[in-house]
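> One predicted model, sequence on top.
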Amino acid sequence: MPETMYRHTQVGWVIIICLSAGVVLVTALTAWYGCHWPCLMILAVLVVSLALTHSLTVELREGFVKVAYGAGIIWKRIPLAEIRSCRTIRFPWYFGWGFRWIPRGWLFRVSGLAAVELGMKNGRRYGIGSDEPEELENAIKAACGII
C-alpha cells in the first residue's frame with residue numbers, strides 16, 4: 001500500500017446544517033400530516049445525501065490525489081503525473097458546495113471558499129476545497145516537483 005504523504009478531512013458544516021434542517025422539516029411535516037410516500041422518499045434522499053457528503057477527505061499518496069466525500073462512496077482520483085499547475089484560489093460562494101461542474105472545471109467543496117486549483121496537462125481543471133489550502137498546495141507541489 002502506498003505511503004500517505006498528506007491527509008486531511010474537512011467537515012462540511014453548511015451541508016450538515018442544511019440537510020439536517022431538511023430532515024427535521026420533512027419529519028415534522030410527515031408527523032403532522034401523516035406518512036405519505038413522497039415525504040418518505042424526500043426524507044430518504046436527504047438522509048442518504050447527508051451520509052454521502054458530510055465531509056471531504058483529501059489524500060495525497062504516491063502517484064495520485066484522492067478526493068472522497070463522506071463515507072467514501074463518491075470519490076475522484078487525480079494522477080500526479082497529469083498535474084501541470086497548482087495554486088490556492090477562492091471560488092465565489094455562488095459556485096456552491098458539493099461536487100459540481102463550474103466554468104473552470106470540476107469543483108469538490110463542502111465548506112468555505114478557499115480551494116486549490118489543479119491545472120491538468122490535458123487542459124482540464126479541478127478545484128479542491130480545503131480549510132488549509134496552503135498546506136495542500138505545498139504538498140501537491142512537492143509531490144509533483146512543481147515550483
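Okay, I see it.
> Buried ones in stretch 92-100, by neighbour count?
Within stretch 92-100, the residues that qualify as buried by neighbour count (16 or more other CB atoms under 10 Å) are F95, W97, G98, F99. Placement of C-beta: from N, CA and C, glycine included.
> which residues sit against it?
The set of residues that contact stretch 92-100 without belonging to it, under CB atoms under 8 Å, 6 or more residues apart in numbering, is 12, 14-15, 53, 69, 74, 76, 102, 106-111, 113, 129.
> Looking at those, which are in strands?
Among the contacts of stretch 92-100, the members falling in strands are Y69, I74, K76, I102, W106, L107, F108, R109, G129 (criterion: DSSP state E).
> who's the residue nearest to the third one when sequence neighbours are not counted bridged to?
Leaving aside its chain neighbours, K76 sits nearest to V67 (4.9 Å; criterion: CB to CB, 6 or more residues apart in numbering). The residues paired with V67 through beta bridges, assigned by DSSP bridges, are V58, K76.
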